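**Q** take a look and give me a structure for this.
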Amino acid sequence: FFFLMIRRPPRSTQSRSSAASDVYKRQVLTLTNTRDSLNKENEEIRSRIVLMIDKRNNLSRANQEIEKDVKKMKEDSENLLKIRNDLKKYVNDLRNEIREVGSEWETQKRSMTHEINQLQTIRKHINEEKSKEKVAFDYARNYLRKQLETLQKEIIVSSQEIQKYEAMIQTMKKRESDCRAVIIDETNKFKEFIESHHLTS
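**A** Have a look, this model is predicted:
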């Protein structure tokens, strides 16, 4: 910052000059303490801003992980849907083959009917499993969506707090600048006072 050089008044100085010097010293000490206090508050606010930025970065990384999980679940769901469609197509193909079999193939038809029943049972079981998986997927998706919304709200709150602290820093800087201006002005006045006092002496 800046330094002040204060000369001791000569011994012949009147008591009024000594009192003015004491008042000036107290003003300089008060302004210096105010400046130090503002610097300390500024450092604390900067530390809190760094912590909030780290928190926002962590939330962003967690958000990216959740998006990856949602994407993977979506891919798994599409794969299961493809398997179901393939099984459906397979069952339809078997039914078409049964329609083409004649009476002399009754034995084979009964065997194939039995196989179809088994496939239908499997299909029902797959549908039940698919339904359970869909319920689980919907639950997981809703849960992840809520988590994502919570994280987004936290990121917004963090950004707002950072903006607030940045505004506080600007205010502190302005106050510091004002204090500097006051100290410089008081210093100039004191110098003028000393010089005028010397001239009159």
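
**Q** okay, CA-based contacts and neighbour counts for the rest of this
**A** OK.

**Q** now the helices for the protein?
**A** 15-100, 106-200 (DSSP state H).

**Q** want to throw these into a markdown table with mean pLDDT and mean neighbour count?
**A** A markdown table is the format used below for the helices of the chain (pLDDT from 0 to 100; neighbours: other C-alpha atoms under 10 Å):
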| stretch | mean pLDDT | mean neighbour count |
| --- | --- | --- |
| helix 15-100 | 82 | 14 |
| helix 106-200 | 84 | 14 |
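
**Q** can you pull the contacts of the residue nearest the centre of the chain?
**A** For the chain, the residue lying nearest the average C-alpha position, counting by C-alpha atoms, centre = their mean, turns out to be R56 (2.2 Å). By C-alpha atoms under 8 Å, 6 or more residues apart in numbering, the residues touching R56 are E154, I155, S158, S159.

**Q** hmm, 7 Å instead?
**A** Shown in contact with R56 (C-alpha atoms under 7 Å, 6 or more residues apart in numbering): I155, S158.

**Q** measure it to S111 for me?
**A** 64 Å (C-alpha to C-alpha, to the nearest Å).

**Q** now do K191
**A** For K191, the distance to S111 - C-alpha to C-alpha - is 116 Å.

**Q** now R61
**A** Separation of R61 from S111 (C-alpha to C-alpha): 57 Å.

**Q** can you check K55 too?
**A** Going from K55 to S111 by C-alpha to C-alpha gives 65 Å.

**Q** and what of F193?
**A** Applying C-alpha to C-alpha to F193 and S111 gives a distance of 119 Å.

**Q** swap in S60?
**A** Counting by C-alpha to C-alpha, the gap from S60 to S111 is 59 Å.

**Q** same question for E97.
**A** 13 Å.

**Q** repeat that for M73.
**A** On the measure of C-alpha to C-alpha, M73 and S111 end up 39 Å apart.

**Q** what does E128 give?
**A** 26 Å.

**Q** S47 now?
**A** For S47, the distance to S111 equals 78 Å [C-alpha to C-alpha].

**Q** do the same with S177
**A** According to C-alpha to C-alpha, S177 stands 95 Å off from S111.

**Q** E166 too?
**A** For E166, the distance to S111 equals 79 Å [C-alpha to C-alpha].

**Q** N127 too?
**A** 24 Å.

**Q** and I156, by the same measure?
**A** From I156 to S111 the distance is 65 Å (C-alpha to C-alpha).

**Q** and for Y143?
**A** 47 Å.

**Q** what does S159 give?
**A** As judged by C-alpha to C-alpha, S159 and S111 stand 69 Å apart.

**Q** and what of L59?
**A** 60 Å.
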